[in-house]
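**Student:** Next input, structure requested:
(2 chains)
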2 protein chains.
Amino acid sequence: MPKYVYLFKEGNKDMLDLLGGKGANLAEMTSLNMPVPSGFTITSKACLNFYEEKENLNEEIIKEIFENLEKLEKITGKCFGKKENPLLLSVRSGAKSSMPGMMDTILNLGMNDEIADALTEKTQNPRFVYDSYRRLIMMYADVVKGLNKNEFENCLEKLKKEKNVTKDIDLTAEDMYYLTKEFKKIYENLSGTSFPENPKIQLLDAVKAVFKSWNNERAIYYRKLNQIPDNWGTAVNVQEMVYGNNGKNSGTGVVFSRNPATGEKNLFGEYLINAQGEDVVAGVRTPLEIKELQNQMPQIYEELKRNAEILETHYKDMQDMEFTIENNRLYMLQTRSGKRTALAAIKIAVDLVKEGQITKEEAILRVDEESLETLLHKTFQKESLENGEIIGKGLPASPGAASGMIYFNAKDVIKAKEEQKEVILVRTETSPEDIEGMHHAKGILTIRGGMTSHAAVVARGMGSCCVSGVNEFRINEKEKELITPNHVYKEGDIISLDGTTGFVYDGKIEEEEPKISNEFALFMSWVDERRKLKIRANADNEKDAKEALKFGAEGIGLVRTEHMFFDKARIFEFRKMILANTKEERIDALQKILPYQKEDFKNIYRVMKSLPVVIRYLDPPLHEFLPKTKEEKEKLAIALNIKMEDIEKRIDSLKEFNPMMGHRGCRLDITYEEIAKMQTRAILEAALEVRDEQIEVIPKIMIPLIGDEAEFKYIKDIILKEADLIQKERQTTISYEIGTMIEVPRATLIARNLAKIGTFFSFGTNDLTQLTYGFSRDDAGKFLKDYYEKQIFKEDPFKSIDVKGVGVLMKVAIKEARKERPNISLGVCGEHGGDPKSIQFCHNIGLDYVSCSPYRIPIARLAAAKAAIRETK
Amino acid sequence: MPKYVYLFKEGNKDMLDLLGGKGANLAEMTSLNMPVPSGFTITSKACLNFYEEKENLNEEIIKEIFENLEKLEKITGKCFGKKENPLLLSVRSGAKSSMPGMMDTILNLGMNDEIADALTEKTQNPRFVYDSYRRLIMMYADVVKGLNKNEFENCLEKLKKEKNVTKDIDLTAEDMYYLTKEFKKIYENLSGTSFPENPKIQLLDAVKAVFKSWNNERAIYYRKLNQIPDNWGTAVNVQEMVYGNNGKNSGTGVVFSRNPATGEKNLFGEYLINAQGEDVVAGVRTPLEIKELQNQMPQIYEELKRNAEILETHYKDMQDMEFTIENNRLYMLQTRSGKRTALAAIKIAVDLVKEGQITKEEAILRVDEESLETLLHKTFQKESLENGEIIGKGLPASPGAASGMIYFNAKDVIKAKEEQKEVILVRTETSPEDIEGMHHAKGILTIRGGMTSHAAVVARGMGSCCVSGVNEFRINEKEKELITPNHVYKEGDIISLDGTTGFVYDGKIEEEEPKISNEFALFMSWVDERRKLKIRANADNEKDAKEALKFGAEGIGLVRTEHMFFDKARIFEFRKMILANTKEERIDALQKILPYQKEDFKNIYRVMKSLPVVIRYLDPPLHEFLPKTKEEKEKLAIALNIKMEDIEKRIDSLKEFNPMMGHRGCRLDITYEEIAKMQTRAILEAALEVRDEQIEVIPKIMIPLIGDEAEFKYIKDIILKEADLIQKERQTTISYEIGTMIEVPRATLIARNLAKIGTFFSFGTNDLTQLTYGFSRDDAGKFLKDYYEKQIFKEDPFKSIDVKGVGVLMKVAIKEARKERPNISLGVCGEHGGDPKSIQFCHNIGLDYVSCSPYRIPIARLAAAKAAIRETK
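**Tutor:** Predicted structure coming up:
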């Protein structure tokens, strides 16, 4: 038989599962001799039992509750339900994981008319007694009976109006007495029964109500959002009431042991005199800063400060505490590790290490990887944001904040940028053609597409802000209009995007530059000492490479050469190449692209110096590079001096049913060897030409989409031949490596044979995920919505690596590859390379590196260090 | 050091690798004391060495050749290059695998002026001597020197004209002498050197020339076509000449130990008196039937017959033999297992068993699976075919022969069929919309698409003839024209398709019905006794099911429910369902489809009785069902009473980037539960309603495209609920099973969890292949062409299961599934289910059944039996 109820002194902080966060910490504080009002916790097991028994408390639980109530009476010397020295109780929820405000609470329990009379006599403070009583009635009506609170509130408001006061605190004892009587009448009217005068009934009903609140709509929603299992249940804490509303020597407040915004070591918080907790939350009265308390009640302040220090030292972390002062006596009502900004998280972690409270490893484990994003990107100024009008919401596809004028295509964006305008690119969805425009835009808004759409991936890579998939908006391309549910925005109108939340705002919102502290650098140096995974960046040009280096990249794990082709000067030759009728024409066009591409590589080499640079050969299907509008096609036809009809025919012939699985990746090199040759030449000649600048690179050539060893061998031979030719031409030798992406399921299965040919693998987990699941990233958004809603999928496999499927294939590939080539270099260069969960997995399966967008690098570094530390534990 | 040369008496029939087919069998015949002219074989190793040494014979090989020449001189008592009793030789190629006519041969080697003189004296037959001599010169010029044969032939023709004769045989000894002299002159003119009088030089040059002929263009092409490795090399057989052209007591011929067309046990073949082998091939003189020989040379005939019997008994198979008669002496020049028609193959195998020559198992192994196709389909009459004009060639997508009038869309096909016309459907590519038209057409021609395109798959399923991917043709849809390189065919014009070869013919070619023999049934009964795999059919309607049963199906492994929706009566409601704005509208439309679908299932159950029927839920993306032309869209808009604009918007919204990986399969059931409910109801109610007819089916419901256990569980729950409802409504119980396709790579990895939910799996190896390789069946044709050409891929993975990739995943799935559910039923229902190689693999990995198109069933039965027999060996 389980034990369903624990006195505070029977528990401790590690009994989270059973007692919930609040209960466990109340128990812990009790054992630390903190001034905690006595009480007991009804366990989450009891809650689960309550649901098993169809929302009934079983006899055992009831028995234990009353047994512990008796013990509580003994501890406090008070009697529950007796007018001599009555015991009043609070009943609060408290689950394993904090669910702030989601579940219910009832205060002042144990009051009835008789006890109120007696208490008035005892305290000589009728205002306090009836204030408490009327609060109980209203809370009870709301929480236990589910009655509408409006009538109670209207009654209170009416009275305040009559009395010509604005604050509750200005009401008199008589007013409170009046309200108590009125509230009882309202209660009777609404519920058809009278308010229960029996405190034991009140108690059991309150416990049941709190259990029930585990399954109210907002709690369920909150759990879904925060991935908290439905089968945890909540504990209930029953505790002796203490009263912050017991006159001007009483009060209540919230205090942090350090500043949660900046991390500075100062008591931080606020309080209200003569108030109960809910008044602080209600915001009717403006609370005072905690330092005021130093003047107002210096002894209490000192005690609070001491308690904060004890708790912080005990928990070895910044604490977020609730307290109440009753007649000059301090009570601690709650403590927990406090939420903090990323800035504060790092400062606190570093300071705690300096203070000798925690180890560097513990400090590292304390900091949430994702929070670092906010340190690297612009944000909106808080005040300006609060005044902003939300006009829509999409997916937070790439973090940051951007205000600017909207333009509807890359060309217009570039023009506007030249006119020194700040620009937001608005597209139904982006394609590689938009790259240049995306580069020049501060932010990107798309109507379609998910977290891993083209816009999202590219924006994250560039560190630009992006909100994707705002389905409620429409675009009228022709009129250049963005149509929102309430308004039509025209070209040049200003909107603001918050890429961290997904909200879109009307007009301009002031931005704030990211702040990076000294502690950050120190902290990251600890991180780097501990991690085993190398962190490389996905970077396609000099600018990205510089950014990557700034954020701590140890090389480039992925240069997507195709992005280089979208530049105005090149796209024409590239299109000519695609539309060529003969090999000669194609070679001719490629010859014109060669110097551009070579220059790009040289610039990247110059940034990265001796660090590894992995360059992927052309990957997307060729039709992605071709013009889409009639206008553009006509232009191309004139430029190439061929018939419009022929252009259209060729474009048509390149159309594919499933381009993701079509003529792309290494398949292009097999059909058009001259592309592979040109790229080989650009990569190797660039490396040779930067030698004069004392830069020695060993380029790593990466072939995408390999599924068979014969493919890989064939292309390797092309590269070797071309490399030999170059070396002969230039009378020199050059070192380079050849490797492959592992992104087709078959590649994982034949990894051993591929390892005979290449010296490194990079898992392309985006495509590998698409193919392993058999769904297309670009189309999945539509149906995965239903999957999340119906709880078939809990997580987006494009965000964190699918360990049960994709992960299994990765493990097979690693095992097989190392059989053949034990020192093969293995990495990941998909979007997953910047995802902490996935990085943990990559560490676990023994990869050598992950490669991610420049802005994700600090996150990746931290995640890698955490993984390494967890491994040693 | 390898031995490069073997005397015939040193070899045997099992030394195929080294001696080639011809050499090994000459050696075997020698050891059987057949009258084989003596000789030796230069091995294929020598050929490989020849290429390694840059087309030179190394000294060791030359040494061995001359050593063996000396031995040959001893055996024959003749001398090579000496005028006293000169030895003349033939030099013939002979690779491990027969490559008829692809490589070179030189006869009469060892002749020169001096020897010709001496031989004339000895034989007193100058005509024969100079006939042989002039033949040598011409062959030598052609094969060794690569000179143009035309001048030689013109010279011969000119002489015949002068002499006013039409046949070579009518030329006199003087004529032959004259020709010899003239040929020598021509030889000198063309080559600039004189004809080599030294027989040893002749011999070495001839050997080199035959080695070289391994790599002539037609041999390379033949090897590619027949998947013969380039690194086998050919052996060379050097053999004493015997002369069929040595007067009227001489002759030459080809004979089979049984009739290769019918299998009847009669000597079958033809011969020519006073001729060399090449004369039979040249076809100038009409050969006589072998039975004539019985009259002409009864003793020789008897000897030949006895030899044939000995060889057949020895080889335990019908033999294809070459013989020569020289002055009333019979010589056997070659024997090999003879090629035969499928009809003959079965009769011969059955007869050999009856004669006690081979076991039933051996008989089964002898018959080629693919050859059975020809027994089941119409063919073109041989003569009519020979007169046909080929107008194009595509892929032999579905076997059979069809002549008919061309129509360009399903509607026109149906109309023409109603007018009793025989119709060929001509489309750029087909889509599910064309199904009804395809049903009514005798044959299908498509411009695009490969062996596994929609047209190919559906046609094979229906047993209709189909030629796909005739890239050289174009279609003008508007004008209803088929534009071939040389002609424009209009609607109603007649063409003929040979689905077995891929050829398209102008006009009508007479067809022939397939013939099925008694031996076939007996043979198939042996087959069925031995196989372990069950064979089921992919069948979508009553007609297919009947066909399947006729061919021996043991159940239906795949009913594709979507094909049922394309019927005129249903497509409208189905489209209404797709375009529905609300769930209610959707349910309403589905209600109208329900009775149709139920009736379809009942009809299938009635055919299959108690045999298993596996029904797959709706699989393709919904947009496949929507109208594509403006006209059709308008019609639908009117019928549904909604705006054209709205129709287009909805169709647009269903468009996908990669539909193969889009919203299809089980994903549809998750979004639209009502579809799964309707299909459940149709399947189960149908089963309940045929009970009155004493038919007890246990329907097997199969969910496509499952990739996660949560998906499968979710849909299973929908089915269970609906089934419960039906059972309650009808106050009865019904047994059914629920299983899934394994066609997404991830499904193979989580098979153990899927086996907790479902009781059977069917591998959908088409999609599994697409996703494992990451290429789309519909697009791969374009680039796989390059893969085959560049020998990167040797086989089409859509034809035979890719054992190294897809096969590995299948094995994982089987192992995992059986851990959870040891008796789980496992099968394959992709196109691979009818492919012998894949069936062998399915047997090896322990599947329970394969499911294939009805017309592939006999093939599958045979393949399964062969696999079982091979296992026991």
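
**Student:** Where does pLDDT dip in chain A?
**Tutor:** Counting by pLDDT under 70, chain A contains low-confidence ranges at A:280-284, A:452.

**Student:** Taking the centroid of it, which residue is nearest it?
**Tutor:** Centroid-nearest residue in chain A, with C-alpha atoms, centre = their mean: A:E370, separated by 5.7 Å.

**Student:** if I look at that residue, how far off is A:L352?
**Tutor:** Using C-beta to C-beta, to the nearest Å, one gets 21 Å for the distance from A:E370 to A:L352. C-betas here are computed from N, CA, C, even on glycine.

**Student:** what about the strands in the stretch 501-650 of chain A?
**Tutor:** For the stretch 501-650 of chain A, applying DSSP state E, counting those that start in this stretch gives strands covering A:503-506, A:511-512, A:534-538, A:556-560, A:613-616.

**Student:** Return the list of helices and strands in contact with the first one.
**Tutor:** This means strand A:503-506. Under the contact criterion of 3 or more C-beta pairs under 8 Å, 6 or more residues apart in numbering or on different chains; DSSP states H and E, strand A:503-506 touches strand A:390-393, strand A:494-498.

**Student:** same deal with the fourth one?
**Tutor:** Other helices and strands packing on strand A:556-560, by 3+ C-beta pairs under 8 Å, 6+ apart, are strand A:534-538, helix A:583-608, strand A:613-616, strand A:849-852.

**Student:** Neighbouring strands of it in the sheet, and parallel or not?
**Tutor:** For strand A:556-560, the pairing partners within the sheet under DSSP bridges are strand A:534-538 (parallel), strand A:613-616 (parallel).

**Student:** buried residues in stretch A:50-60?
**Tutor:** Neighbour counts over stretch A:50-60 (16 or more other C-beta atoms under 10 Å in any protein chain shown) mark A:F50, A:Y51, A:L57 as buried.

**Student:** Remind me which helix or strand the first one belongs to.
**Tutor:** Element membership for A:F50, per DSSP states H and E: helix A:44-52.

**Student:** So which elements touch that helix?
**Tutor:** Contact partners of helix A:44-52 among helices and strands, from 3+ C-beta pairs under 8 Å, 6+ apart: helix A:16-31, helix A:59-76, helix A:199-213, strand A:234-240.

**Student:** which one of the ones you listed has the most crowded surroundings?
**Tutor:** Stretch with highest mean neighbour count among those: strand A:234-240 (a mean of 27; mean count of other C-beta atoms under 10 Å in any protein chain shown).

**Student:** pull the CA atoms of that one into PDB?
**Tutor:** What follows is strand A:234-240 as a C-alpha-only set of coordinates in PDB (Å, rounded to 0.1, in the frame of the first residue of the first chain):
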ATOM      1  CA  THR A 234      -0.100  16.800  -9.400                       C
ATOM      2  CA  ALA A 235       0.600  16.700  -5.700                       C
ATOM      3  CA  VAL A 236      -1.400  18.900  -3.300                       C
ATOM      4  CA  ASN A 237       0.200  20.900  -0.500                       C
ATOM      5  CA  VAL A 238      -1.900  21.600   2.600                       C
ATOM      6  CA  GLN A 239      -0.300  24.200   4.700                       C
ATOM      7  CA  GLU A 240      -1.100  26.400   7.700                       C
END
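
**Student:** how far does it sit from the chain's center?
**Tutor:** Between the centre of strand A:234-240 and the centre of its chain there are 31 Å (C-alpha atoms, centre = their mean, to the nearest Å).

**Student:** quick one: contacts of that strand?
**Tutor:** Contact with strand A:234-240 is made by A:8, A:18-20, A:22-23, A:26, A:37-44, A:46-47, A:65, A:68-69, A:72, A:76, A:78, A:87-95, A:103, A:203, A:207, A:210-211, A:213-214, A:333, as judged by C-beta atoms under 8 Å, 6 or more residues apart in numbering or on different chains.

**Student:** now stretch A:715-725
**Tutor:** Stretch A:715-725 is contacted from outside by A:666, A:669-670, A:673, A:676-677, A:680-681, A:684, A:701, A:703, A:734, A:736, A:738, A:757-758, using C-beta under 8 Å, 6+ apart.

**Student:** What's the local residue count around A:T193?
**Tutor:** The number of residues packed near A:T193 is 9, by other C-beta atoms under 10 Å in any protein chain shown.

**Student:** Checking my notes, it in a helix, right?
**Tutor:** No - counting by DSSP: H, G, I helix; E, B strand; the rest coil, one finds A:T193 to be coil, located in no helix.

**Student:** how much space between A:A817 and A:A747?
**Tutor:** 10 Å.

**Student:** Can you check which residues contact both of those two?
**Tutor:** In contact with both A:A817 and A:A747: A:L754, using C-beta under 8 Å, 6+ apart.

**Student:** Alpha carbons only: can I get stretch A:183-203 in PDB?
**Tutor:** What follows is stretch A:183-203, C-alpha atoms only, in PDB (Å, rounded to 0.1, in the frame of the first residue of the first chain):
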ATOM      1  CA  PHE A 183     -20.700  36.600  -1.500                       C
ATOM      2  CA  LYS A 184     -22.500  33.900   0.400                       C
ATOM      3  CA  LYS A 185     -25.800  35.000  -1.100                       C
ATOM      4  CA  ILE A 186     -24.300  35.000  -4.600                       C
ATOM      5  CA  TYR A 187     -22.800  31.600  -3.900                       C
ATOM      6  CA  GLU A 188     -26.200  30.300  -2.900                       C
ATOM      7  CA  ASN A 189     -27.900  31.900  -5.900                       C
ATOM      8  CA  LEU A 190     -25.400  30.500  -8.400                       C
ATOM      9  CA  SER A 191     -24.900  27.000  -6.900                       C
ATOM     10  CA  GLY A 192     -28.300  26.400  -5.300                       C
ATOM     11  CA  THR A 193     -26.700  25.200  -2.100                       C
ATOM     12  CA  SER A 194     -25.300  27.200   0.800                       C
ATOM     13  CA  PHE A 195     -21.600  27.600   1.400                       C
ATOM     14  CA  PRO A 196     -20.300  24.600   3.300                       C
ATOM     15  CA  GLU A 197     -19.700  25.600   6.900                       C
ATOM     16  CA  ASN A 198     -18.000  22.200   7.600                       C
ATOM     17  CA  PRO A 199     -14.200  22.800   7.200                       C
ATOM     18  CA  LYS A 200     -13.500  19.100   6.600                       C
ATOM     19  CA  ILE A 201     -15.900  19.100   3.700                       C
ATOM     20  CA  GLN A 202     -14.100  22.300   2.500                       C
ATOM     21  CA  LEU A 203     -10.800  20.500   2.700                       C
END
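
**Student:** who's in contact with A:V697?
**Tutor:** A:V697 makes contact with A:Y605, A:M608, A:K609, A:S610, A:V613, A:A687, A:V690, according to C-beta under 8 Å, 6+ apart.

**Student:** I'd like to know which of the residues you listed are buried.
**Tutor:** Among these, those buried by neighbour count (16+ other C-beta under 10 Å) are A:Y605, A:M608, A:V613, A:A687, A:V690.

**Student:** Strands of the stretch 751-873 of chain A, residue ranges please.
**Tutor:** A:760-763, A:825-828, A:849-852.

**Student:** centre of the chain versus the second one, how much separation?
**Tutor:** Using C-alpha atoms, centre = their mean, the mean C-alpha position of strand A:825-828 is found 26 Å from that of the whole chain.

**Student:** Same question for stretch A:748-763.
**Tutor:** Relative to its chain's centre, stretch A:748-763 lies at 34 Å (C-alpha atoms, centre = their mean).
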